[in-house]
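Enquirer: Give me the fold of what follows.
(2 chains)
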Protein chains: 2
Amino acid sequence: MIKARVTVTLKDGVLDPQGKAIEGALRALSFSGVGEVRQGKVFDIELDTADRARAQADLKDMCERLLANTVIEDYSIAIT
Amino acid sequence: MIKARVTVTLKDGVLDPQGKAIEGALRALSFSGVGEVRQGKVFDIELDTADRARAQADLKDMCERLLANTVIEDYSIAIT
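Expert: Below is the predicted model of the structure:
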């Protein structure tokens, strides 16, 4: 069995109101020196195969078709 | 400036309906061998300091106070 972590983040330049809200909340909690905050998503996926190359290809396909909106989001795949 | 990535995931045993929905959607898209899927959050945070120890302590504090619900979520901090 293969475990993978897919991380989906907004592309640079795409507005992130949720990140901005967290940034404001951290400052309101008196954390000093907080710069930009961006929020993304992470998916921990178990795949019932031992073929890492096949898993990598499947995961890429999952990102393109479901997990990420590639117009505004980037994704990265890490197989553990 | 320090850049950090905070990853917040549900603890084992905590129900994850969103993950289950993604699991179902991946199977519906004919991906075979999909096991459990769990969804989490990721925060990319810029800190205006050069003190890594201080940053680590601040980030832990941010997780405990705002970013994670430590009753049901785990967090990990990676400073890059």
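Enquirer: can you map out the helices along chain A?
Expert: Secondary structure of chain A (DSSP state H): helices located at A:17-28, A:52-62.
Enquirer: Tabulate those in JSON lines, adding columns for mean neighbour count.
Expert: Bear in mind the C-beta positions are built from the backbone N, C-alpha and C, glycine included. Shown next, in JSON lines, are those (neighbours: other Cβ atoms under 10 Å in any protein chain shown):
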{"stretch": "helix A:17-28", "mean neighbour count": "15"}
{"stretch": "helix A:52-62", "mean neighbour count": "16"}
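Enquirer: Quick check: mean pLDDT of the longest strand seen in chain A?
Expert: Counting residues, the longest strand found in chain A (DSSP state E) is strand A:34-47. The average pLDDT for strand A:34-47 rounds to 98.
Enquirer: Tell me which strands that strand pairs with, and in which orientation.
Expert: Strand pairing for strand A:34-47, using DSSP bridges, gives strand A:2-10 (antiparallel), strand B:34-47 (antiparallel).
Enquirer: quick one: contacts for the nearest residue to A:G40 once chain neighbours are set aside?
Expert: Nearest residue to A:G40, sequence neighbours excluded (Cβ to Cβ, 6 or more residues apart in numbering or on different chains): A:T9, at 3.7 Å. If you count contacts by Cβ atoms under 8 Å, 6 or more residues apart in numbering or on different chains, A:T9 has them with A:38, A:40-41, A:73-75, B:42, B:44.
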